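S.K.: predicted model, plus sequence, below.
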Amino acid sequence: MKTSLSVTDTARNFSDIINRVTYKGECFILLKGKKAVAKITPIKGGRPLSELSEVLAKLPSLSAKEAEAFANDMEEILVDGRKSDGVKDPWES
């Protein structure tokens, strides 16, 4: 949603406007007189999912030894994660 604000109102409420852009994703058009002169919008973070295959393709290939070590590390992580250390998951139903 785009909201139009005068430059004066923007200056008076700058912190609130920046918070609304940051936390609510709002977009503001700044007006000087009745003319639009600027826009404040959130900056998109990350990369789109459509670029995932390109990113993965650019990763270096693992040698057979490195791939085996990685698989062993992952298995160890999974096994350790299944061990009960007395800590109860508060989200578990």
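M.R.: Good, I have the coordinates.

S.K.: what bits of this protein have low per-residue confidence?
M.R.: Counting by pLDDT under 70, the chain contains low-confidence ranges at 1, 82-89, 93.

S.K.: strands along that one, start to end?
M.R.: For the chain, the strands defined by DSSP state E cover 2-6, 27-32, 35-40.

S.K.: what's the closest of these to G46?
M.R.: Shortest distance between G46 and those, using CB to CB, is found for strand 27-32: 18.5 Å. All C-beta atoms are positioned from the backbone trio N, CA, C, and that covers glycine.

S.K.: so which bits of the closest one are buried?
M.R.: F28, L30, L31 (16 or more other CB atoms under 10 Å).

S.K.: which of those lies closest to K58?
M.R.: Using CB to CB, F28 comes nearest to K58 of the buried residues of strand 27-32, at 36.7 Å.

S.K.: which of the strands of the chain sits closest to I77?
M.R.: For I77, the closest of the strands of the chain is strand 27-32, at 41.6 Å, according to CB to CB.

S.K.: what sits up against the closest one?
M.R.: Under the criterion CB atoms under 8 Å, 6 or more residues apart in numbering, residues 1-7, 10, 17, 20-21, 36-42 lie in contact with strand 27-32.

S.K.: which of these are buried?
M.R.: By neighbour count, with 16+ other CB under 10 Å, the contacts of strand 27-32 hold L5, T10, I17, R20, V21, I40 as buried.

S.K.: quickly list what the residue nearest to T10 when sequence neighbours are not counted is bridged to.
M.R.: Nearest-residue entry for T10: L30, 5.5 Å, with adjacent residues in sequence omitted and distances by CB to CB, 6 or more residues apart in numbering. In this structure, L30 has the following beta-bridge partners (DSSP bridges): L5, A38.
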